[in-house]
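Asker: what follows is a predicted structure for the sequence shown.
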Amino acid sequence: MKKQSFVTTKNGQEVERYTIQSPGGLLASILTYGATLQSLVLPSGRDVVLGHDTMADYERQDKYLGAVVGRVANRIGGGRFTLNGREYVLCQNNGPNHLHGGLAGFDKKVWQAKTEGEMLVLSCQSADGEEGYPGKMEVTVRYWFSEDDTLWMDYTAKSDADTLVNLTNHTYFNLEGHSSGSILGHTLWLDSDAFTENDEFSCPTGRILPVEGTAMDFRRPKPLGQDIDRKEEQIHRGNGYDHNFVLKNPSLTAPFAKAQAGGVTLTVYTTQPGVQLYTGNFLDGAVPGKGGACYEKRCGFCLETQGFPDAIHHANFPSPVLKAGETYHQRTGYCLTEE
Ligand code: BGC
């Protein structure tokens with residue numbers, strides 16, 4: 001494992017960059033800032049994830065490129081929730097809703113790193129009341145490659161009071177190479193029969209709808225661009241795909257998604273009940289990407305494995321409550337193969 005000093009944040013915190021190598025020669029570079037996957041380079045030299053070259057660019061961007069997102073990924077309707085009879089008020093940083101843990105979520109923390117053999121272990125703390133959430137929380141994310149070149153991300157969290165948690169990684173993939181432009185030609189298969197319906201602010205209404213007969217149907221592989229402009233309210237509301245799909249069979253051995261482009265296949269596994277398919281609809285090229293790349297709208301896509309968004313407000317969704325002293329655990333693996 002290689003360790004380099006990356007640079008300091010504007011607050012003077014040291015950020016490090018760790019590079020881990022898979023048995024087949026893939027290289028994953030991870031920053032301690034946001035526990036961010038900065039690059040994922042295939043043996044051919046192709047880098048398939050979006051990222052930035054400088055710390056200043058990471059601090060300027062608001063797209064969560066490659067970052068670990070928490071305490072609660074995705075939306076909390078109205079930016080407030082009630083737990084154990086008490087109301088907690090969060091910031092509304094996405095229309096009327098709370099998004100991705102707030103203004104200073106886990107993506108903006110400098111995590112502590114240690115190595116365990118070829119595994120990178122990143123930890124951070126979140127104070128009681130931070131971003132409005134109850135309970136002091138300890139979080140650990142482990143990154144490693146398995147023998148078959150799958151990059152695993154394993155998340156655990158513990159709190160000293162009842163709280164909410166939903167952790168994910170916000171990597172944008174472009175299997176043709178991070179600077180190759182539109183991902184609309186990528187084909188995607190998703191093992192999902194249903195998705196959670198969104199309101200006009202991309203927050204769940206609570207209804208779970210079948211994908212059958214809609215643009216959301218990826219049960220047979222199809223290009224991401226095939227139905228993205230269909231005149232359907234859900235697609236229109238998301239400005240493209242920005243929806244939580246209900247996974248039929250969360251598993252660490254049977255994948256729930258396969259994406260393909262330019263001779264590269266991405267296969268994804270998870271323990272989580274849902275995945276946010278997000279087609280980079282709000283990428284705008286505002287902050288330079290790696291090597292000066294310009295990441296415009298739909299130049300990358302995310303498969304954010306997660307609990308359902310806004311689950312605290314919907315009794316029919318799996319609960320996002322983490323009880324004091326209990327351990328939250330999620331694991332996701334991204335396997336990349338080249339032809
Ligand atoms: C959300 C999008 C949001 C994006 C921020 C995604 O996870 O679902 O609505 O714009 O993150 O980059």
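Answerer: Structure's in. What do you need?
Asker: okay, buried residues for stretch 78-88 please.
Answerer: Residues of stretch 78-88 classed as buried: 78-81, 83, 88 (neighbour count, 16 or more other CB atoms under 10 Å). No exception for glycine: its C-beta is placed from N, CA and C like everyone else's.
Asker: now, those that are in strands?
Answerer: 80-81, 83, 88 (DSSP state E).
Asker: of these, closest to L175?
Answerer: F81 (37.1 Å; CB to CB).
Asker: contact partners for the closest one?
Answerer: Each residue near F81 by CB atoms under 8 Å, 6 or more residues apart in numbering is listed here: 87-88, 90, 164, 312-313.
Asker: on that earlier part again, show me which pair in the ones in strands among the buried residues of stretch 78-88 is furthest apart.
Answerer: R80 and L83, at 10.5 Å, using CB to CB across these.
Asker: pLDDT at the residue in the stretch 1-150 of the chain that the ligand sits nearest to, what is it?
Answerer: Of all residues in the stretch 1-150 of the chain, K63 sits closest to the ligand, at 4.3 Å by CB to the nearest ligand atom. K63 is assigned 98 on the pLDDT scale.
Asker: ditto for M1
Answerer: 80.
Asker: that one reaches L120, doesn't it?
Answerer: Yes. Counting by CB atoms under 8 Å, L120 is a contact partner of M1 at 7.0 Å.
Asker: so between the two, which is more surrounded?
Answerer: L120 (23 against 13; other CB atoms under 10 Å).
Asker: quick one: residues contacting the more buried one.
Answerer: Taking CB under 8 Å, 6+ apart, one finds 1, 18, 20, 30, 113, 142-144 in contact with L120.
Asker: do D229 as well
Answerer: I235.
Asker: that one: what secondary structure?
Answerer: What DSSP: H, G, I helix; E, B strand; the rest coil gives for D229 is coil.
Asker: gap between it and the ligand?
Answerer: 18 Å (CB to the nearest ligand atom, to the nearest Å).
Asker: and that residue, what's its pLDDT?
Answerer: 96.
Asker: one more: T9?
Answerer: Taking T9 on its own, its pLDDT is 73.
Asker: kindly report the same for C299.
Answerer: Reading off the model, C299 has pLDDT 98.
Asker: quick check, it in contact with L184.
Answerer: No. C299 is beyond contact range of L184, at 9.7 Å (criterion: CB under 8 Å).
Asker: of these two, who's got more company?
Answerer: C299 (23 against 17).
Asker: if you count contacts, what does the lengthiest strand in the chain end up packed against?
Answerer: Determined from DSSP E, the single longest strand within the chain is strand 327-338. Here strand 327-338 touches strand 150-159, strand 264-270, going by 3 or more CB pairs under 8 Å, 6 or more residues apart in numbering; DSSP states H and E.
Asker: possible to save those as TSV with mean pLDDT and distance to the ligand?
Answerer: Shown next, in TSV, are those (pLDDT from 0 to 100; distance: least, CB to the nearest ligand atom, whole Å):
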stretch	mean pLDDT	distance to the ligand
strand 150-159	98	16
strand 264-270	98	15
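Asker: which strand residues bridge V139?
Answerer: Beta-bridge partners recorded for V139 (DSSP bridges): C124, A157.
Asker: ok, it - how many residues close by?
Answerer: 24.
Asker: hmm, it is touching V121, no?
Answerer: No. Using CB under 8 Å, V139 is not in contact with V121, being 11.3 Å away.
Asker: got any residues that touch both of the two?
Answerer: Counting by CB under 8 Å, 6+ apart, nothing touches both V139 and V121.
Asker: list the contacts of K158.
Answerer: 137-138, 322, 325-328.
Asker: rerun that using 10 Å as the cut-off
Answerer: 135-140, 165, 322, 324-328 (CB atoms under 10 Å, 6 or more residues apart in numbering).
Asker: likewise V287?
Answerer: Applying CB under 10 Å, 6+ apart, the residues contacting V287 are 52, 54, 56-63, 65, 294-295.
Asker: now, which of these lie within strands?
Answerer: Using DSSP E, none of those sit in strands.
Asker: what is the nearest of those residues to V268?
Answerer: Nearest member of those to V268, counting by CB to CB, is L65, at 18.0 Å.
Asker: burial count for the closest one?
Answerer: Neighbours around L65, by other CB under 10 Å: 28.
Asker: touching, it and Y33? I think so.
Answerer: No. Look at L65 against Y33 with CB atoms under 10 Å: they stay out of range, at 11.1 Å.
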